[in-house]
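Engineer: Fold the following.
(one chain, ligands or ions: 1)
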Amino acid sequence: MAKRRRSQAHLAWWTGIAAVAATAAYAGTWRVWALAVLAWSMYELCFCPTTCGVATRDGTVCRNPARGRLFACTGVTAHQHLKTDALWHLPGQHNPLSRLRPPGVGAPAAHRKAPLTPSPAEHGYVERNQRVMAYLAVASVVVTTIEAAVGLAVP
Ligand SMILES: [Zn+2]
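Structural biologist: Residues are numbered from 1 along each chain as shown. Here you go, the predicted model:
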């Protein structure tokens, strides 16, 4: 039952996105394309049925169902925190929120990235394709918003 409802919602979203995209192709204006891109991004980030994708301490990936690329499963409370943390933790970059901490707290910066064995559970780890889709959707929203702002400023 729940599965059927979910696939119907899934279908409704794709039908809606396809309809907007078709309108955009017909109208040929960037405004409608922007709407289609935004609808797709919102769907990917917040609504699409996916799996949790958080790697647990022993290296196995959580397969519990989740809603949207930004969200983890509801079964394990810690997974949401780990997923948010992992998505913010871009390669070669620290969590931007952690920079808000006053300097001098914790280990010196030079030593921070040199643990003997990096523990995946400490920083969290999310499946590669989940991260790629999440970043892609966020990038689409940013690009579309900038384009819309520029388009409105310069008629
Ligand atoms: Zn999970």
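
Engineer: Please give the number of neighbouring residues around the residue nearest to residue 55 when sequence neighbours are not counted.
Structural biologist: In space, not counting the residues next to it along the chain, residue 55 is nearest to residue 125; the distance is 4.1 Å by CB to CB, 6 or more residues apart in numbering. (Each C-beta comes from the backbone N, C-alpha and C, glycine too.) Taking other CB atoms under 10 Å as the neighbour definition, residue 125 ends up with a count of 22.

Engineer: what sits against residue 125?
Structural biologist: Neighbouring residues of residue 125 by CB atoms under 8 Å, 6 or more residues apart in numbering: 54, 55, 82, 86.

Engineer: so where does the last one fall, helix or strand?
Structural biologist: Using DSSP states H and E, residue 86 sits in helix 77-88.

Engineer: picking up where we left off before, now that we have the contacts of residue 125, which of them are buried?
Structural biologist: Restricting those to buried positions leaves 54, 55, 82, 86, with burial counted as 16 or more other CB atoms under 10 Å.

Engineer: Name the member of the residues you listed with the shortest distance to the ion.
Structural biologist: The shortest separation between the ion and any of the buried ones among the contacts of residue 125 is 4.8 Å, and it belongs to residue 54 (by CB to the ion).

Engineer: mind checking the SS state of residue 63?
Structural biologist: Here residue 63 takes the coil state, with states given by DSSP: H, G, I helix; E, B strand; the rest coil.

Engineer: pretty sure residue 85 contacts residue 124?
Structural biologist: Yes - between residue 85 and residue 124 there is a contact at 4.5 Å, judged by CB atoms under 8 Å.
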